[in-house]
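Asker: My questions concern the predicted model and sequence given below.
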Amino acid sequence: MPMPVPGFPEAAMIVCLFFIFLVPLAGVGISLINAGLGRSRNAGHMMMAAISALSIAAIAYFFCGFAWQGFIGRPGHILILSGKSWNWIAAERFFFRGLALDGSPASLAALLQIFCVGLAALIPLGSGADRWRLRASCASAALLAGWTYPLFAHWVWGGGWLAQLGANYGLGHGFIDAGGASSIHVVGGLSALAVTWILGPRRGKYSSDGMAPAIPGHNGVLVLFGCLLALLGWFGLNSAGAILFTGGVPAQSVLVAINTMLEAAAASLTAAVITGIRFGKPDASLSANGWIGGLVASSATCAFVVPAEAIVIGSIAGALVTFSVEWFELRLEVDDPGGAVSVHAIGGIWGILAVGLFARFHSPILNVAGSSIPVTGGAAPGQWLAQLVGVATLIGFVLPLTYILNWALNRICPFRVAIEGERQGMDLYELGAGAYPEFITHTEDFIPR
Amino acid sequence: MPMPVPGFPEAAMIVCLFFIFLVPLAGVGISLINAGLGRSRNAGHMMMAAISALSIAAIAYFFCGFAWQGFIGRPGHILILSGKSWNWIAAERFFFRGLALDGSPASLAALLQIFCVGLAALIPLGSGADRWRLRASCASAALLAGWTYPLFAHWVWGGGWLAQLGANYGLGHGFIDAGGASSIHVVGGLSALAVTWILGPRRGKYSSDGMAPAIPGHNGVLVLFGCLLALLGWFGLNSAGAILFTGGVPAQSVLVAINTMLEAAAASLTAAVITGIRFGKPDASLSANGWIGGLVASSATCAFVVPAEAIVIGSIAGALVTFSVEWFELRLEVDDPGGAVSVHAIGGIWGILAVGLFARFHSPILNVAGSSIPVTGGAAPGQWLAQLVGVATLIGFVLPLTYILNWALNRICPFRVAIEGERQGMDLYELGAGAYPEFITHTEDFIPR
Amino acid sequence: MPMPVPGFPEAAMIVCLFFIFLVPLAGVGISLINAGLGRSRNAGHMMMAAISALSIAAIAYFFCGFAWQGFIGRPGHILILSGKSWNWIAAERFFFRGLALDGSPASLAALLQIFCVGLAALIPLGSGADRWRLRASCASAALLAGWTYPLFAHWVWGGGWLAQLGANYGLGHGFIDAGGASSIHVVGGLSALAVTWILGPRRGKYSSDGMAPAIPGHNGVLVLFGCLLALLGWFGLNSAGAILFTGGVPAQSVLVAINTMLEAAAASLTAAVITGIRFGKPDASLSANGWIGGLVASSATCAFVVPAEAIVIGSIAGALVTFSVEWFELRLEVDDPGGAVSVHAIGGIWGILAVGLFARFHSPILNVAGSSIPVTGGAAPGQWLAQLVGVATLIGFVLPLTYILNWALNRICPFRVAIEGERQGMDLYELGAGAYPEFITHTEDFIPR
């Protein structure tokens, strides 16, 4: 099967290489945010879980993940349905066999994915903070990286059926998501939701009198520092994704980066203003959540909107995340210490939909093999419907799938730490050592004795 | 109007792109240094102010900043004075309209500036630490990024009158500053000075008996870690600036990086030796200040000196910063917790002057549109005078301008937090939550009760 | 003398430039790990020692280090021995004179080395933690960067006698180490061992009753965060090294990066599993050590093995480091708080040997001047022997050399801090200020009064 990108110039390879190596910083940033938003007695555990999840995700993706995900124009399992051929899952070999690691788009995509699955696997850690056993979180990361993520990513980034909605049914250019708002963030965020449901809230979070006391993170500096590092990771993610998964050119990175920056900025300022108005003082941790929510939304939209639109999209993302955090915490009693569900799932869904509302296409979109749909320089008719089908698939298929997988895993390898562990803190209970052994900390403040 | 850089090769675009994405690390480093040099009860506030300043600066620059700054060879408002044409301010449109985001030098410069104005806006935060209201610091950042910075940067980097001093009056190649020692650091440092004057010293800093007790930073590890991250940012800043604003070639980055590293190293060691001799023990926070001071000086000089000269320039920068911090703190009673004025304004002025003393030019300097001045491979006659005019403009024009703007802003939106806020700490008072809620800290040590 | 790499394409220069600027992150990561694994009262001192060591190493390497190291195909002192010509030491001039900083491979190698010698100089700091005087550690860094490192690096990376073992005696392609497992890590790790021997254990570490209480690091989050940053540095180190020192092409970076990631991942998980089995709970700091050990091993092997082999090599590295830390601490009574000897020396030796066991060569290896040895796409016969000669040289020559140099230095400038300093903590005693002045810490827990 021929390469779908016949002339992949050396310049594009070099630029992709460079952007790919920024991506791990997104994971580093999310790890620090997760650790900082949790309590000090769980901080070492959170970082250990992060480095383990990154490791396991990389190995699982290498083992079998790439075999299911594949790449545009490479072998896939095709099903003919009502006269159209649909690509359901890749037909690659395990262990990257059959994939030449030679700087081709497919090999660059494989390298990029090693970091992307790690990033997706970090997202549920924020939701499971303070109570998710290390062993279980590792097993869950393997499931995510080895199966759930690659399956959906094939549909979006591997020339699969969501990408084919354009060619097959004329829904714009098919489902479009240059930087992974859906495949990384909504998939990760919905897994976070499933994990939170399975784990249940932390002890003491929802007391019998209906109050839900805020449990503040132990290190606000770490959280905001993580936001800044994550920005760099997103520059890489969005630019590399736009080139590899939509056929963008290196020069497009200027637009992508400006939009990414402006969406994060607008989202964080919006969150600060909204919390300032509602609570009298701007809330730093919600502003941080807004910042990341803006970045998540930018992943879908950054390559196809003008900067002024990016500011609008970012502002809406910041507002959505701010309200969503409260809604999940107080209405749905979903105890998500890192706000991961709101930031990644809600922020990502908004980004996907915003593509339908705002995107304009000026150059060919290469998200399926073969000839692409002509671009008019304007909005693609039906694009919004393709995006909606993607969101429906995420909520209607990926959420149940990840819930069932994690539910089954919980049967084999219980997710929730013993009461004693929650009382002691995960660091001492699961790792045998605290992260900050020399600092006196208030250890049992939020646990009813 | 034709491009002044007719053949901007793809290789230069790629290298610029890469270096531009290192620049945010300079801002991250400065943010951590500011937070670490302040007190623990203000640390979350400092990081929140940093992320807000970066956001607002990016948006303000996108709104109107670029319209005033422009780029070499693009439209500007020209005034004919004594037979010479002078370029006073750019004539771009707001919101990046009219600017193709296509990888051209102008578009790369716009992207780079989004990070540079953020960096400049972070500098005053260090000086206003522990007492500057978040709202006021945001408004001040908008003024800096939307007006003061672009105006001066146009004169240096937009083909403006300072850059034209060479072509018009034969003062060397005109004012030269590849990496922003003047436009970013002196402008930021003088704004810091203005803000410090307006705010006045922290309560308890200058007691009635004339003593000025040192108020140590709360996290020395964060400060020195910030220095290391900033180094990476400066590699990007100096290399990208040399290519975009002086017509350098990618291969020059080797020289630029070696000089940048050696200037920082020499400056930090000099500060350590001087403080070791004077106080008996080397001072870590002054060494950190020296390191950044060396980086600031390198921004002006890195592309035009040999490595051995870089060591000399760096050593002088380190010495100057060390003495300057004490001089401002004790003689001038300028309470500048982050040492921002000394590091950025004094370090930057030294760097600008060092160009006049040390620079040799081996390839054409493209800092104005049209034909450049022939290079002889040696020093340019009159270069020192061009640099001196730049310094005089900074002190004689930019300092009053930024003082007046911030003074007026202070009338509308008071800068200084209420006494109660200073007593409680900015975190609790302005954000409603401390950065380290679980750690017991000495909270009121330095405040007279 | 002609360039050994006649057609060094611009693409390779750009990719090298980019990778070189990732390398400082390896040093940043190691600095944070060293600080985090030490005690809070020494944390500022450790960071100050790190920034000073990086500075001094850069300047010493610029002064004379490069003059001894040189580069493949550039002037060297040749000795004819039994009819073969051997290259013992470079014959460059001091202060980079004679080296055009023009983007040539030699100039890129010089820039890369400025960061590599800094990285090597950081390694002994971890071993000397809590008791090594700042002044002495600076002097030791100068010796390492100015003499020991360049000498050995010339033999490996400068076309020296170890690299010539292939051409002269048919031992494979001669000693091969693309990313510096030997020249950076084993040299640094053996210097760490020498320093530890000279310093002796910390007071209270080995009590009279034969117990060696663990002295936990003060900040586990910093340690694991440092691991993640170091990963990025290693991507740069391994990829740039493979291009500059073995004649690799930019596209090879995909393989290099995948292997680097998988080796770190496998090593850290192996360490977690082993400590989990042995102690009942996985040990976070040994997992961090494993992670870095895997990275060190990857430096030798990353360019010449397939990913599945990388996982095997990484797992073995993780196991070796885990047992080695215990062995050095309890059997040999080497008090190495950072585990630097095990991680860097043992991990590096394993990596070097693994090249002999696993490496396959598909493209010419350019580690000596002139025509290279033909590659067969398979293992090179005798390669294992070349690697063994390298290890023997490290243990039999470099270890005594670095021991003697540091022993002599200790006579002139005593290494060990006074008892009072160990009791007070290095921060207060040597720098006059603690890193965390506002946090209450348990200061004298582990010191017998």
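Answerer: That came through fine.

Asker: Give me the next element, helix or strand, following the helix or strand in which A:N238 is found.
Answerer: When secondary structure is defined by DSSP states H and E, A:N238 falls within helix A:220-246. Moving toward the C-terminus from helix A:220-246, the next helix or strand (DSSP H and E) is helix A:253-279.

Asker: list the buried ones in that following helix?
Answerer: By neighbour count on 16 or more other Cβ atoms under 10 Å in any protein chain shown, the buried set for helix A:253-279 is A:253-276. Any C-beta I mention is one placed from the backbone N, CA and C, and that applies to glycine too.

Asker: Report all helices and strands that the helix holding A:N238 contacts.
Answerer: With contacts defined as 3 or more Cβ pairs under 8 Å, 6 or more residues apart in numbering or on different chains; DSSP states H and E, the packing partners of helix A:220-246 are helix A:10-20, helix A:24-37, helix A:105-127, helix A:149-157, helix A:253-279, helix A:284-301, helix B:24-37, helix B:43-60.

Asker: Distance to chain C added to those, as CSV?
Answerer: Listed next are the helices and strands packed on helix A:220-246 as CSV, based on distance: least, Cβ to the nearest Cβ, whole Å:
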stretch, distance to chain C
helix A:10-20, 5
helix A:24-37, 5
helix A:105-127, 5
helix A:149-157, 16
helix A:253-279, 14
helix A:284-301, 17
helix B:24-37, 9
helix B:43-60, 10
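
Asker: For A:H77, what is the enclosing helix or strand?
Answerer: With elements delineated by DSSP H and E, A:H77 resides in strand A:76-81, which encompasses its position.

Asker: pLDDT of that strand, averaged?
Answerer: Mean pLDDT, taken over the full extent of strand A:76-81, equals 92.

Asker: Identify the residues contacting the following helix or strand past that strand?
Answerer: On the C-terminal side of strand A:76-81, the closest following helix or strand by DSSP H and E is strand A:84-90. Counting contacts by Cβ atoms under 8 Å, 6 or more residues apart in numbering or on different chains, the residues outside strand A:84-90 that touch it are A:66-71, A:74-80, A:150-151, A:154, A:158-161, A:164, A:168-169.

Asker: rerun that using 10 Å as the cut-off
Answerer: Where contact means Cβ atoms under 10 Å, 6 or more residues apart in numbering or on different chains, the residues beyond strand A:84-90 that reach it are A:66-72, A:74-81, A:150-151, A:153-155, A:158-165, A:167-169, A:368-369.

Asker: Only whichever of those are buried, select them in PyMOL.
Answerer: For the buried members of the contacts of strand A:84-90, the matching PyMOL selection, counting by 16+ other Cβ under 10 Å, is:
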select buried, chain A and resi 66+67+68+69+70+71+72+74+76+150+151+153+154+155+158+159+160+161+162+163+164+165+167+168+368+369
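
Asker: pretty sure A:S324 contacts A:V296?
Answerer: No - in this structure A:S324 lies outside contact range of A:V296 using Cβ atoms under 10 Å: 11.9 Å.

Asker: returning to what we had before: filter the contacts of strand A:84-90 down to the ones near chain B?
Answerer: Among the contacts of strand A:84-90, no residue is within reach of chain B (Cβ under 10 Å from any Cβ of the partner chain).

Asker: anything in contact with each of A:S324 and A:V296?
Answerer: Here A:S324 and A:V296 have A:V343, A:A345, A:I346, A:G347, A:W350 as joint contacts, going by Cβ under 10 Å, 6+ apart.

Asker: so where's the stretch 251-400 of chain A shaky on pLDDT?
Answerer: Residues of the stretch 251-400 of chain A meeting the criterion pLDDT under 70: A:371.

Asker: let's go with 80 and repeat that
Answerer: Applying pLDDT under 80 to the stretch 251-400 of chain A flags the ranges A:370-372, A:376.

Asker: And for the stretch 1-150 of chain A?
Answerer: Segments of the stretch 1-150 of chain A classed as low confidence (criterion: pLDDT under 80) are A:1-7.

Asker: near chain B, which residues of it show up?
Answerer: Residues of the stretch 1-150 of chain A lying near chain B by Cβ under 10 Å from any Cβ: A:9-12, A:14-15, A:17-19, A:22, A:25, A:36, A:39-41, A:43.

Asker: That concludes my questions; thank you for your assistance.
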